[in-house]
Structure formats: structure tokens, C-alpha cells
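# Provided below are the primary sequence and the corresponding predicted coordinates.
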Amino acid sequence: MSVLPAFLLNDENGEGISFPGGKMALICLLKEDCPTCNEVMPVLESFYRAFGDRVDFFVAGQTQEGNVRLRERHNPSFAILDDTSLKVSFAYDIDTVPSLFLSDEQGNLEKQLTGFVRDEWQQLAKDLGDSLDCAAPTLDWQLLPAWRPGCGSLSVDPLIADRLRAEAENSPLRARKIEIAPAIDEFEFMFEQGFSDGLPLVPPTPERVLRMLSGTQRDPQEVVAVMPPNMGDATVEKIAINAVMAGGKPEYLPVILAAVEAVCTDEYNIHGVMATTMGASPVMVVNGPIRERIGMNMKLGVLGQGSRANATIGRALRLVIRNVGGAKPGGTERSTLGNPMKFTMCFPEWEERNPWGPLHVERGFDENDSVVTVFTMTSGPTLIVDQSSRTASQLAGSLGLGLESAFHPKAHYATEVLLVVCPEHVDTLIRDGYTKADIRARIQEVTKRPISELVEDEVSAVGFSKAAANSMTEEALQKELPKFKRDEDIHIVVAGADAGKFSGAFHGWATGEIGSIPVSRKIEEV
Amino acid sequence: MTTILDPTNEREPVIRQITPRSGEITGRVALLDISKPRGNVLLDRLEALLSERLPGITVNRYAKPTFTKPAPDALRREIQGNNDFIIEGLAD
């Protein structure tokens, strides 16, 4: 290194100080928890007093708290510059702190000292005094140790060096690299690290993650969301790593990114969804052109296994929640029974088979937008079996009766529902001209019960308490409550095979501001 | 060697795996000098004591080029491939 790298570092007041500054310069890189660095602080002070008016001084510390402690402990006359990003330490390619560099006016290296060798520092003091034609520092050199080796620079700490190298090389990857020795099975290793939902994971090698990142135009370091409970930064890169582990393909990534954004909103409340003992989990519904483009299954067996896109997109979201958010069973995830949908639950709507218009359009998006909607489920898909009804009124009535068990038959106004209507049921409903509004109204109509029937009794204590019922008038007790507080708490989508008269329902969790509100997010067009 | 990227928020260190302990020292024992001053003196003494108490073992000596950096891959592979145990002298 003949020309020292230029830099701009902030002093303790946040003011930028740049090198080279047109004068000779002394640059010392150090860190507070290194005993040798503390030994040289008074020496630097004496250098500053002797040469500070003729030589630029750059003393830079490697940690923020350490710099504060250096100031408290030594209170030097010079500023302690902030190299907590370690960019200068890395650019100067140092292994050891303290490292001292002397440069001429143009920034050319004249001398480099590593650690503390008394004779070398003393010689430097003398040489500087001679060349600047001023008195050398007043220092009792014999009181100083003859030699101290210094400590490893933080910039060569393996965990940090990878990041610094990646930044210097312009690699888009910043995640910590984990090396798995040849003798260790990487699949077993990932289980033991706690990365897995219980099923094997695809090892997220840098090559696979780079390939996954090709599925989006977003910056890999963009923070898509801050994810509870540990408030981890869900960057595009971290999400891509989990998408690789889930077994996904690059073209799925935009869906996963949008879903992460959606679940981390205050309305959706992923923390509550994960933490509840009820065993809730997100259901992702995908709408728009992306469904076909990435090969999602919206027909036969739509809610089951067999489709890589459906299965791995849902799983990737869950792995991000586990690994970046930190929600793990037994930790902040506290389900009593759990629920198999916690592995994965993602499906697209068969919009072309839906005569009423797709979910995302109903929720305010353009039909050409690709959109993911997250809904919180606690049970289901609960099958509503009706092979007999031939009129829309009968069939919608059946759907209503089938939904009575959501939470509990006596629990009204308690939750929402995501109704997946199968194509054969669609045909029966549309033959009589039923709209979504008609379906909802019929469900509400057939599930209406007078409050008097929803009061705790010998059969079950769920529902209104006796005390609450006692305070009501007879007229109030006869008021009929439908199953759902609002018609729009019944979300309707179409999916499934052309054959079969079986619709399904995902029962929700606590709704409104105290629970989870469904959220839709537009998916990036790539 | 497989390298993977950490899928977590990196708040916790990676959990290292420990090889099962057999309860006795046999076979080949590596002594690794990290190249801090006088580390070799300590390891010389250790080698003498090991050879005296466990005459059946073979002691192999290695040194890292510098204490400031992790051991090079080639050295790690050589130590791992040719030894059953390793004793590493850390810091000073």
C-alpha cells in the first residue's frame, strides 16, 4: 500500500473529518477493549501536543460504546473518530490494533507500526520532531512497556469480515455465512440449529440465495418489514434465504415478500396470531395474473398437498416468521394444540370460475393486479357437505348451518370466516342468480338465534353469562343475532375441482382491533 | 465444506457442534500453536507431559500463520484428516 485509502469519518460531534487533508497525517486505528490500545492513548496524546499543529491526527475507534469509554478514561485533546462501520479498518487491511500509519501531505504511506514496540514509536517521535523541526514529545519512554502485541482488529473477526468483504466486493449478500464441515450432514445441522419447522430444509447456499434473489427487482438489503416478537429485520435477502429453505423458486419470491409485508402490519398482528394459545395461523389467498405465471394449483386438491408453489410459498412465510421473527413453539408461540396449517397454507382463487368477481377486486384492487391476502384461521378447512340442495337458497342455507360451529355454536359475533366455495356449489348458487351479498344474507338469516338461546345453560356455559342475561329485558333477550357481526366478516372465494359438492371454511380468530384483520398487499410485477 | 447463509435475525451465535467425547485419549493428538509469543514453550512442555503419561499416542505439531486470523482451510483440513484429538493454545 503506497497510497493510503482516502476516508471520511465523523468525530464525536458528528462532524465529518476527511483524509487526506493536505498535511502530513498520523492515523491510528484502535479499539477500547484492547489493553495495548489503552497503553498508546497517552502516547498519542503526547504526539498530539507535540505535533498536532503541523500534523493531521486521525484516531479512530472500532466500537461506539468503546469510543465513549476511551473518552471517559483518557480524555484526549484529539477527537476520537467513529470507525464503527469498520470500513477504514477494512480498507487499511489491518489485522491488529493499534495500527499506526504516517503519511505525507499527499496521503502516501511513509511508515506503518503494528501493536506497540517502544523503540519504533520512540524513533518515530524523534524522526517527526526532526523533520518538522520541533521538539519531540515529552514522554518518559522507560515507563512504557518495551513491547505489546496488540489485539485482533474487529475488521478481521470472521463474522464481521464476511460482511465487510461482501460490501467491498459489491456482493448483494450480507447474511452471516455458516460453514458446515464436510464430516457434518448439512440437513442434520440445520435441524440442530433450530431453523426447521420439523421437515427437511433445502440448504440456503449463497448460489441458491442469489438465484432466489433473481426473482425480484427489490434491493436485497431493503427491510420489507420488522418482524415480531424479536423485531428482526426481514430484509429481502433474509426472506430469500428462508424461501430457499422452504423449497421455493425465484418466481415465487414476490408473493412471499408481499405476504411478509402484509402479516407485519398492525392490523394483521402476526405477533398475536403466533402467540395465541388458540393455535392460529395465516392463510394466504393469491389473486391475479401471477397465479398462472408461477404455476399455482387452484383446482383439484387446491387446499391439499402436491403443488410446489402452493406448498412452498406458504411454508416460506412460516419459516420467515420462525427464523427472522423468532416465533417458535414453546417460546412465544403457545398453541394448545397447534394446527397443521402452521406448516403451510397458501392457495390461489380460481377467479375464472368465480362469477361474482375475485377477492382482490372486491377488496379494491384492479383485476390485473396480483395480490396476496392474509387471513387468520384457527380451524379448517371445515368441510360443508351438501350433495342434495338444488336451489341457491337451500345451498346457502347449508353453508350457513355449516358455519355455526365456528368457535362454538353458541359463540355469535365472535369471529370471521373464509369460505371456499367449490365450483359445483357455485353452479347451484348462480343458477338462481345468487350474488355474494345474497349468500352472506342467507348465511346470516339461517344462523340467527335469539339471545335467550345463546345464554349459558346446563349444556354449555359458552355464550352470554346468566348475569348479563338477567340484566336484559325480555324484548332484548328475544333479539336475534346472526352468526357474524357484519356481513363482510364472511369472506368468499372460489377454488377446487370441477367435480364434488364440498365447500370448505376456514374459521377465523379474534377479529377487529383486538385480534387480526385480513390484509391484502399488491405483489410486485417482475 | 458447505457454506449456507444464516436464515435468522442473527441475534444469537450459531450453535457449534461438539464431537462426542470418548473419555480417553488415544491415537493421534494435534497440538496447535496459534503463533502468540511463547505459545510454543507451553506446547513443548505439554507435548513432553503427554508423551510421558500416554506413551501410546502420536503427537503432531501445527502452527497457524498468525493469531489474528482463523486458521487457513488447508491447515484445518490437514489437522482434521490426520488427527483424533486437538489441543489448541488460545491467546496469552
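Noted; the coordinates are in hand.
# so where's the stretch 151-300 of chain A shaky on pLDDT?
A:158-159, A:162 (pLDDT under 70).
# who in it is up against chain B?
Within the stretch 151-300 of chain A, the residues that sit near chain B (CB under 8 Å from any CB of the partner chain) are A:152-153, A:156, A:158, A:173, A:175-184, A:186, A:189-190, A:192-195, A:203-206, A:209, A:227, A:230, A:232-233, A:237-238, A:241-242, A:245. C-betas here are computed from N, CA, C, even on glycine.
# quick one: which of those sit in strands?
A:152, A:177-180, A:227, A:232-233 (DSSP state E).
# quick one: which of the residues you listed is nearest chain B?
A:G232 (2.9 Å; CB to the nearest CB).
# burial measure for the closest one, as a count.
22 (other CB atoms under 10 Å in any protein chain shown).
# For it, which non-adjacent residue is spatially closest?
B:N9 (2.9 Å; CB to CB, 6 or more residues apart in numbering or on different chains).
# so the one you found touches A:I321, yeah?
No: here B:N9 lies out of contact with A:I321, judged by CB atoms under 8 Å, at a distance of 11.5 Å.
# Could you check which of the two has the larger neighbour count?
A:I321 (30 against 19).
# Can you give me the pLDDT of the more buried one?
A:I321 is assigned a predicted lDDT (pLDDT) of 97.
# Surely it forms part of a helix?
Yes: A:I321: assigned to a helix according to DSSP: H, G, I helix; E, B strand; the rest coil.
# Please indicate which of the residues of the stretch 151-300 of chain A next to chain B are buried?
A:152-153, A:156, A:173, A:175-178, A:180, A:186, A:189-190, A:193, A:195, A:203-206, A:209, A:227, A:230, A:232-233, A:237-238, A:241-242, A:245 (16 or more other CB atoms under 10 Å in any protein chain shown).
# can you tell me which residues contact A:V40?
A:28, A:30, A:98, A:100, A:116, A:121 (CB atoms under 8 Å, 6 or more residues apart in numbering or on different chains).
# Buried ones from those residues, can you make that a ChimeraX selection?
Restricted to buried positions by 16+ other CB under 10 Å, the ChimeraX selection for the contacts of A:V40 reads:
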select /A:28,30,98,100,116,121
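# Pipe the contacts of A:V40 into TSV and attach distance to A:E416 and secondary structure per row.
Shown next, in TSV, are the contacts of A:V40 (distance: CB to CB, whole Å; DSSP: H, G, I helix; E, B strand; the rest coil):
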residue	distance to A:E416	secondary structure
A:C28	63	strand
A:L30	60	strand
A:P98	63	coil
A:L100	67	strand
A:F116	69	strand
A:W121	73	helix
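# Would you check which pair of the contacts of A:V40 lies furthest apart?
Greatest spatial distance in the contacts of A:V40: A:L30 and A:W121, 13.5 Å, computed using CB to CB.
# Look up how far A:N230 lies from whatever residue of chain B ends up closest to chain A.
In chain B, the residue found nearest to chain A is B:N9; the distance is 2.9 Å by CB to the nearest CB. In this view, B:N9 and A:N230 are 6 Å apart by CB to CB, to the nearest Å.
# Which residues are in contact with each of these two?
A:325-326.
# And stretch A:130-142, what's buried?
A:136-137, A:139.
# show me where chain B has helices.
B:39-53, B:73-82 (DSSP state H).
# Make a markdown table out of those helices and add mean pLDDT.
Below are the helices of chain B laid out as a markdown table (pLDDT from 0 to 100):
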| stretch | mean pLDDT |
| --- | --- |
| helix B:39-53 | 93 |
| helix B:73-82 | 90 |
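# Redo those helices as TSV? Include mean neighbour count.
TSV is the format used below for those (neighbours: other CB atoms under 10 Å in any protein chain shown):
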stretch	mean neighbour count
helix B:39-53	14
helix B:73-82	13
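# could those go into a markdown table alongside distance to chain A?
Shown next, in a markdown table, are these (distance: least, CB to the nearest CB, whole Å):
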| stretch | distance to chain A |
| --- | --- |
| helix B:39-53 | 12 |
| helix B:73-82 | 7 |
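# show me the contacts for the residue of chain B most remote from its centre.
Taking CA atoms, centre = their mean, the residue of chain B most remote from its mean C-alpha position is B:N9, at 29.8 Å. In this structure, B:N9 makes contact with A:227, A:230, A:232-233, A:238, A:323-326, judged by CB under 8 Å, 6+ apart.
# Distance to A:L337 added to these, as CSV?
Below are the contacts of B:N9 laid out as CSV (distance: CB to CB, whole Å):
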residue, distance to A:L337
A:M227, 24
A:N230, 24
A:G232, 27
A:D233, 32
A:K238, 30
A:N323, 23
A:V324, 25
A:G325, 21
A:G326, 22
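# Just give the number of residues close to the residue nearest to A:V385 when sequence neighbours are not counted.
Residue nearest to A:V385 in three dimensions, not counting chain neighbours: A:F502, with 5.6 Å by CB to CB, 6+ apart. A:F502: 17 surrounding residues under other CB under 10 Å.
# same deal with A:A166?
With other CB under 10 Å as criterion, A:A166 counts 16.
# and the ones in strands among the residues of the stretch 151-300 of chain A next to chain B, which two are the farthest apart?
Longest span within these, CB to CB: A:G152 and A:M227, 33.3 Å.
# is it true that A:G500 touches A:H425?
No: assessed by CB under 8 Å, A:G500 is found out of contact with A:H425, at 9.1 Å.
# Among those two, which residue is more densely surrounded?
A:H425 (27 against 14).
# Now do the SS call for the residue lying closest to that one once chain neighbours are set aside.
Distance criterion CB to CB, 6+ apart; nearest residue to A:H425, sequence neighbours excluded, is A:S503 at 5.0 Å. With three-state DSSP as the basis, A:S503 sits in strand.
# Check the burial of A:A168 by counting its neighbours.
The tally of other residues near A:A168 (other CB under 10 Å) stands at 11.
# Show the backbone phi and psi for it.
phi -70, psi -30 (degrees, to the nearest 10).
# Which secondary structure state does the residue lying closest to it once chain neighbours are set aside sit in?
Excluding the flanking residues, the one nearest A:A168 by CB to CB, 6+ apart is A:F90, at 6.6 Å. Using three-state DSSP, the structure places A:F90 in helix.
# which residues touch A:F90?
A:155, A:161, A:164-165, A:168.
# Local confidence estimate at it?
91.
# What about the closest residue to chain B within the stretch 1-150 of chain A, how many residues nearby?
Residue of the stretch 1-150 of chain A nearest chain B, by CB to the nearest CB: A:D95 (3.9 Å). A:D95 has 17 neighbours, counted by other CB under 10 Å.
# For A:I313, pull up the helix or strand it's in.
helix A:308-320 (DSSP states H and E).
# An error on my part: the question was meant for A:L102.
Short version, using DSSP H and E: A:L102 is in strand A:99-103.
# Contacts for the helix holding A:I313 next, please.
So helix A:308-320 is contacted by A:195, A:197, A:201, A:227, A:234, A:238-239, A:242-243, A:245-249, A:252, A:255-256, A:259-260, A:263, A:281-282, A:284, A:286, A:294-297, A:302, A:305, A:342-348, B:7 (CB under 8 Å, 6+ apart).
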